[in-house]
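*Asks:* would you be able to build a 3D model of this:
(chains A and B)
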Amino acid sequence: MTRMRYLQAMSKAVRDEMQRDPSLFIIGEDIQESLRGVTAGLVKEFGTDRVIDAPISEQAFTGFATGAGLAGQRAIVEYQIPSLLYVAFEQIVNQAQKMSLMTGGQVNVPVTYIAPGSGARLGLAGQHSDHPYPLFVHMGVKTVLPSTAYDAYGLLVSAIRDDDPVLFFGPAAALAKRDDVPDEPFTVELGKGRIHRTGTDVTVVAVGHLVYDALALADTLAQEMSIEVYDPRTLHPFDWELLASSLARTRRLVVYDDSNRSCGLAAEILATASEEMTLDAPPRRVTRADVPISFSVDLERRALPSIQRLEAAVRGVMKDRSRD
Amino acid sequence: MTERTSEFYRTIKTIRRFEERVVELVNANEIAGVTHEYIGQEAVATGVCAALRPDDIITSTHRGHGHVIAKGGDIRRMMAELLGRKDGLNRGRGGSMHIADVSLGIFGANGMVGAGAPFAAGAAWAATRSGRDTVAVSFFGDGAVNQGVVMETMNLAALRALPVIFACENNGYAITLSQARSTAGSPVARAAAYGMAADTVDGMDVEAVHSATTSAVHRARQGGGPTFLEFLTYRFSGHHTAEHTMGFRYRADDEIAEWRARDPVELAGGRLNGVVRAAIDAQVEALIADAVDFARNSPAPDPDEALDLLYADGRRARDVAVLDRPISDVNEGAARS
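*Replies:* Presented below is the predicted three-dimensional model:
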């Protein structure tokens, strides 16, 4: 067991899998020097043929991974900033993701797309601060967003070994978080949520680094109410069963989600819980506003979800009664 | 007259008759939607694919039937796919625009212009990495030279000297936009700027296509890197099956007539004696008729399979139709699970 940061756990997962599977390669921008830190030291160990610096051509290197995948290799594609996923979006959601179904199951595309540093904070402004995971959930792409180093390792290994396209988002605000990670390889199954703290009054579904806020609030309010903190870890496929079992106990729901509000992940969780589960009060969500993030840090904060807003939402949902 | 000459003609004629039959079936509503016919361009697919080995790879376009036939696709299962049937190459999931047979190195027709080009580069690299001398051909049209992903891929392939052939079928029009109105400079000059071999070839003459491709394949297998081949060709009918109903006027009748005078079927057929040609024609007719029979007799897929095959692990998308039940039933189900 080693105590390590989230980013180091991602790095360890990539290294362990490259050692295990000689067909695995990684392609992206500036990954030999490792601008983002995930691929630090990899080129020395695995060579330039398996750690490929790509020109600034996100569509081409994303499709390159698809072609290599169809021809029997396994790929990881790194996007230096999450907005690069917009450039590659067609190749991911309209090509790789649809390949299995469109070919009648002839092939699948074993590619993992990693976006370390998603949802950046503190001054990265309009085009470097998005956290665009709901777009991929919407398109049915397997999408993981772990909050801890342990889960980052286990889910990244599972994503790499998975035979379908998988998006891995590493939240910028979680990359420095430390956790105990076993030295021997292990996996965390895709599609399984995790209850970080059990409670009886309200379930807070917290996504990515927001799990830490939710746990802190649960501590702060412990004398007043019992908060259960649910971390989906995998956003698609979502672990609805675990959420249902949590809500069967608490019957109150707040979703704490670091992405835009309209048609967002929180919207889907609220809708599904309302349709399929029994709640004692209307569910609430705390999300980003539907605006680009401003450069000035005070403006940035105003548009992002915050622990203060979470507290207000939790108190609100505890006061509310079902309307029937 | 050689065996090769008659085989070229057989493939060209098969594509032509297949496409003519497809138009009839679209117009009779036996094939849903529209398809993009390859009529007029048959010599390109035929000549290119004849220069390839079975283990070589192609990526195709929205106008892809000719590529699939020339690469050895089973025309019975192709026709079944176009009719949306269970025995189709893609089990009814792909249709005309996504038709594929990966076992034959056919990495799929594609509904997005130029999108298959990076697959060819990735597959070519994968083969090289595995010690195989496989070549990957990416077919695309003249419109695709203005797609970023194609230019990006040409750069990537040239940088890494990948065994890729960029087969640009220049039929003069990106849907309704002429090359003169869409493309500054020339496609070949763009390719040459990446430092790759690039040439313009008569795309109506299967022998010229085959000869140019053979040289490019040789270069690729020897580690000489990618080649860009611009095949000058023409589509004899509209962008898709329905275009004739739309009253478009973007091509002059004289221009169409000029290109039709160089029909690849006649150019290739003219190299055969009449008896041989007639025998091939009869065989092709029988093949197409058999394919249509096969397709018509194949069952439609079970509608309940609509959510299958998306994930390799057999997981299905959530069945939203089932979720339309009353909430009390759903909750009972949730309580049980």
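*Asks:* show me where the stretch 51-200 of chain B has helices.
*Replies:* Taking DSSP state H, counting those that start in this stretch, the helices of the stretch 51-200 of chain B run over residues B:65-70, B:75-82, B:117-129, B:148-159, B:179-182, B:187-193.
*Asks:* chain A: which of those is closest?
*Replies:* helix B:117-129 (2.6 Å; C-beta to the nearest C-beta). To be clear about C-beta, it is placed using only N, CA and C from the backbone, and glycine gets the same treatment.
*Asks:* give me the mean pLDDT for the closest one.
*Replies:* Per-residue pLDDT over helix B:117-129 has a mean of 97.
*Asks:* for that helix, which helices and strands make contact with it?
*Replies:* helix A:58-70, strand B:57-59, strand B:136-141, helix B:148-159, strand B:164-170 (3 or more C-beta pairs under 8 Å, 6 or more residues apart in numbering or on different chains; DSSP states H and E).
*Asks:* would you format the helices of the stretch 51-200 of chain B as CSV with distance to B:Arg221 and mean neighbour count included?
*Replies:* Converted to CSV, the helices of the stretch 51-200 of chain B look like this (distance: least, C-beta to C-beta, whole Å; neighbours: other C-beta atoms under 10 Å in any protein chain shown):
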stretch, distance to B:Arg221, mean neighbour count
helix B:65-70, 20, 28
helix B:75-82, 29, 26
helix B:117-129, 10, 28
helix B:148-159, 15, 24
helix B:179-182, 31, 12
helix B:187-193, 19, 17
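*Asks:* of all these, which lies closest to A:Thr278?
*Replies:* When these are compared by C-beta to C-beta, helix B:75-82 sits nearest A:Thr278, at 46.0 Å.
*Asks:* so how far is that closest one off the chain centroid?
*Replies:* How far helix B:75-82 lies from its chain's middle: 14 Å, per C-alpha atoms, centre = their mean, to the nearest Å.
*Asks:* hang on, isn't A:Pro165 packed against A:Leu101?
*Replies:* No - taking contacts as C-beta atoms under 8 Å, A:Pro165 lies outside contact range of A:Leu101: 12.0 Å.
*Asks:* who's more crowded, these two?
*Replies:* Between A:Pro165 and A:Leu101, counted using other C-beta atoms under 10 Å in any protein chain shown, A:Pro165 has the larger neighbour count: 33 against 22.
*Asks:* report the contact partners of the more buried one.
*Replies:* For A:Pro165, the contact set (C-beta atoms under 8 Å, 6 or more residues apart in numbering or on different chains) comprises A:92, A:96-97, A:109, A:111-113, A:141-142.
*Asks:* where does the stretch 1-150 of chain B dip in pLDDT?
*Replies:* Within the stretch 1-150 of chain B, the segments meeting pLDDT under 70 span B:1.
*Asks:* ranges for the strands of chain B?
*Replies:* B:57-59, B:136-141, B:164-170, B:173-174, B:177-178, B:197-202, B:227-232 (DSSP state E).
*Asks:* for the stretch 1-150 of chain A, that is, sorry about that
*Replies:* Along the stretch 1-150 of chain A, counting by DSSP state E, counting those that start in this stretch, strands occupy A:2-5, A:24-28, A:51-53, A:74-78, A:111-118, A:142-144.
*Asks:* quick one: the fifth one to helix B:117-129, angle?
*Replies:* Following axes from the mean of the first three to the mean of the last three C-alpha atoms, to 10 degrees, one obtains 110 degrees for the angle between strand A:111-118 and helix B:117-129.
*Asks:* just the mean pLDDT for strand A:111-118, thanks.
*Replies:* The model assigns strand A:111-118 a mean pLDDT of 96.
*Asks:* please consider this matter closed, and thank you.
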